[in-house]
Structure formats: C-alpha cells, structure tokens
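Engineer: Sharing a sequence plus its predicted fold:
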Amino acid sequence: EVRLVESGGGLVQPGGSLKLSCAASGFTFGNSDMSWIRQAPGKEIEWISAIHSGGVAKYIDDSVKGRFTISRDNAKNTLYLQLNNLKPEDTAVYYCAARPPLFTQYKYWGQGTQVTVSS
C-alpha cells in the first residue's frame, strides 16, 4: 500500500518557522521525484517546490524563494520542507506528492497538513 503522510503543520505567528515532513512507504521513494504543493482556502493549488530523486532541488516558486527549503533523506524515505519567515499568505494545506520512475505525472499524494500563519 502506497502511503504519503505529512506532518509538522500548525499555527505559527508571522515571521516564525515550521518544518514539514512527508513519510513515504509502498513505492520506490529513492527513485522518485518529489514535490510540495499547497492550497489556500478558495484558491487553486500552487506548486511550490520540487526535488529530484538524487536530492537536487529543481524547482522553487518565486513566492517562497529564499524562505522555504526542500530536502529529502532517501535512507529514511522522508521528504522535508523547511518554512522560514512565514507570512499570513502562506496559510494553506500543504501536500507532498511523488512521481515514480516512468510516470510523467505525480501519481501519489498525501492527505495534507494545515499551516496557519496568524498573530
């Protein structure tokens, strides 16, 4: 059974930090490209960062550049997103997604973790 389980979300004040984790199982995590996506209430999904299977970050959205950092630990089958200098507009549900080898689209998605930035 494929599972992607996000954790680490919560309520934080503007300027604060969080570290999200995405624990993967049931597929070849180490060979899969991974991404973080978010969706704010009433808005479309926003692709915020992606990382190659080998660990090289290959995409970071301008809206989070310089504040968010994607990383992965293939030995632990875990994807991370470090969120610094958070802003109210970062409030959203954050999802991780996996694109296994030979797939052209992201096939597996987690259930999401809520990040709320508010004073």
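Structural biologist: Perfect, I can see it now. As the structure is a prediction and not an experimental result, all values here were calculated from the model. Numbers count the residues shown, from 1 in each chain.

Engineer: For Arg38, the count of nearby residues, please.
Structural biologist: By other Cβ atoms under 10 Å, 23 other residues sit near Arg38. For glycine as for every other residue, the C-beta is placed from the backbone atoms N, C-alpha and C.

Engineer: any idea which helix or strand carries it?
Structural biologist: strand 33-39 (DSSP states H and E).

Engineer: what's the angle between the following helix or strand past that strand and strand 33-39?
Structural biologist: The element immediately downstream of strand 33-39 (helix or strand, assigned by DSSP H and E) is strand 45-51. Put simply, strand 45-51 runs at 150 degrees to strand 33-39, going by axes from the mean of the first three to the mean of the last three Cα atoms, to 10 degrees.

Engineer: Adjacent strands (with direction) for strand 45-51?
Structural biologist: Using DSSP bridges, the strands paired with strand 45-51 in its sheet are strand 33-39 (antiparallel), strand 57-60 (antiparallel).

Engineer: and these, which one is worst for confidence?
Structural biologist: Between the strands paired with strand 45-51, the lowest average pLDDT goes to strand 57-60, which shows a mean of 86.
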